[in-house]
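Peer 1: My questions are about this predicted structure, shown below with the sequence.
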Amino acid sequence: MTGRTSLGVDVGSVSTKGVVIDGDGNLLAEAYIATQADPIGAAKQIVASLEKQLGGGVKVESVGVTGSARRLIGAMLGANAVKNEITAHAVGALARHPGVRTILEIGGQDSKIILIKGGVVVDYAMNTLCAAGTGAFLSSQAARMGMRVEEIAQAALRARHPAKIAARCTVFAESDLVHKAQAGHSKDDLMAGLCQAVVANYLSNVGKGKQIRPPIVFQGGVSKNGGVVRAFEEALSAEIHVDSDSHLMGAVGAAVLASKAQTGVSFDFQVSRRPCRTTARECAGCANRCEIVTFFAGQLKIDSWGAKCEKGSA
């Protein structure tokens with residue numbers, strides 16, 4: 001272990017990830033759990049797990065947070081770096097692949113593409129309307145077929161003749177999957193077709209109009225699905241790089257960003273055992289009727305957000 005250590009947390013809508021890295025970016029501890037609509041509870045579990053893995057012998061000096069609940073969890077952890085997912089995933093990828101040009105990322109409920117030139121993000125896009133290219137869609141279709149999501153890749157890689165599944169949206173894909181199953185297609189071919197549909201949906205929506213250049217790095221939970229990886233390689237006629245910790249890259253990026261803003265103050269892992277809560281109210285100060293969320297640690301107000309003007313900041 002070299003240099004100062006940093007903690008990174010990525011709080012997504014489906015899963016929450018956490019890592020502790022040393023000064024060289026090496027992982028000292030990692031954790032991955034389901035958010036289950038409780039970002040505070042999930043973040044506490046992540047911190048407790050990381051603390052247990054470290055065994056009390058490592059001093060963490062900076063904290064970075066990203067993900068859809070980054071403002072909330074950043075306040076809870078006293079983070080010195082709170083960054084959006086595009087920045088965090090780009091930094092995480094560049095830490096492992098300095099020459100990366102394209103980052104494909106598919107998570108539980110969203111997906112994104114990030115284009116990089118000379119180590120700088122030059123373009124990006126995220127899914128906005130359709131969930132057919134996400135992990136949640138794969139999970140729901142696996143359940144429909146009586147399979148665990150972990151079995152999709154195994155089945156897809158065994159396929160001889162992948163079924164052609166409509167990829168325009170979840171409704172069409174689901175009905176098409178049922179129709180093909182009733183027509184007699186094997187589960188292996190159906191799962192391979194499903195993986196190809198996810199890739200087709202991603203490329204026609206998130207990747208539409210983007211110049212996808214190698215080296216290409218695939219991140220997010222779906223990157224662990226070998227069937228989807230192979231479908232991307234076939235569709236793009238290029239090698240797809242997937243790291244062993246590709247599902248943690250948002251948290252890694254957050255930790256790297258935090259390491260650049262060292263405070264010299266040790267992170268207190270006791271935060272996972274302290275009571276905290278949020279309250280919500282509607283501001284009546286003007287016609288905006290902003291919804292204000294306030295975060296408390298015990299009885300101490302830590303932060304609040306949601307106000308569009310100073311009238312809601314009281």
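Peer 2: Received the coordinates, thanks.
Peer 1: pLDDT below threshold where in this structure?
Peer 2: Along the chain, segments meeting pLDDT under 70 span 1-3, 128-133, 167-170, 262-265, 313-314.
Peer 1: Tell me how it divides into domains.
Peer 2: Domain segmentation of the chain under automatic domain parsing yields 6-92+251-273, 98-242, 276-313.
Peer 1: For the longest one, measure first residue to last.
Peer 2: With CA to CA, to the nearest Å applied, domain 98-242 spans 14 Å between its terminal residues.
Peer 1: Dihedrals phi and psi, C195?
Peer 2: phi -60, psi -40 (degrees, to the nearest 10).
Peer 1: Double-check it against G227; I have them as touching.
Peer 2: Yes. With contact defined as CB atoms under 8 Å, C195 reaches G227; the gap is 3.8 Å. Where you see a C-beta, it was placed from the backbone N, CA and C, and this is true even at glycine.
Peer 1: hey, what's in contact with both of these two?
Peer 2: Listed contacts common to C195 and G227 are 152-153, 156; contacts here mean CB atoms under 8 Å, 6 or more residues apart in numbering.
Peer 1: Of these, which is the nearest to V19?
Peer 2: Taking CB to CB as the measure, V19 lies nearest A153 of the shared contacts of C195 and G227, at 23.8 Å.
Peer 1: Could you grab the helix/strand/coil label for that closest one?
Peer 2: Classification of A153 using DSSP: H, G, I helix; E, B strand; the rest coil returns helix.
Peer 1: these two touch, right, it and G226?
Peer 2: Yes. Using CB under 8 Å, A153 is in contact with G226, at 4.1 Å.
Peer 1: So for those two, which residue has more residues nearby?
Peer 2: Between A153 and G226, A153 has the larger neighbour count (other CB atoms under 10 Å), namely 21 against 15.
Peer 1: Next up, the contacts around the more buried one.
Peer 2: Counting by CB under 8 Å, 6+ apart, A153 makes contact with 195, 224-228.
Peer 1: Go again with 7 Å.
Peer 2: By CB atoms under 7 Å, 6 or more residues apart in numbering, A153 lies in contact with 225-227.
Peer 1: Ok, V271 next?
Peer 2: 47, 76-77.
Peer 1: so can I have a markdown table of those showing secondary structure and neighbour count?
Peer 2: Listed next are the contacts of V271 as a markdown table, based on DSSP: H, G, I helix; E, B strand; the rest coil; neighbours: other CB atoms under 10 Å:
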| residue | secondary structure | neighbour count |
| --- | --- | --- |
| V47 | helix | 26 |
| M76 | helix | 26 |
| L77 | helix | 23 |
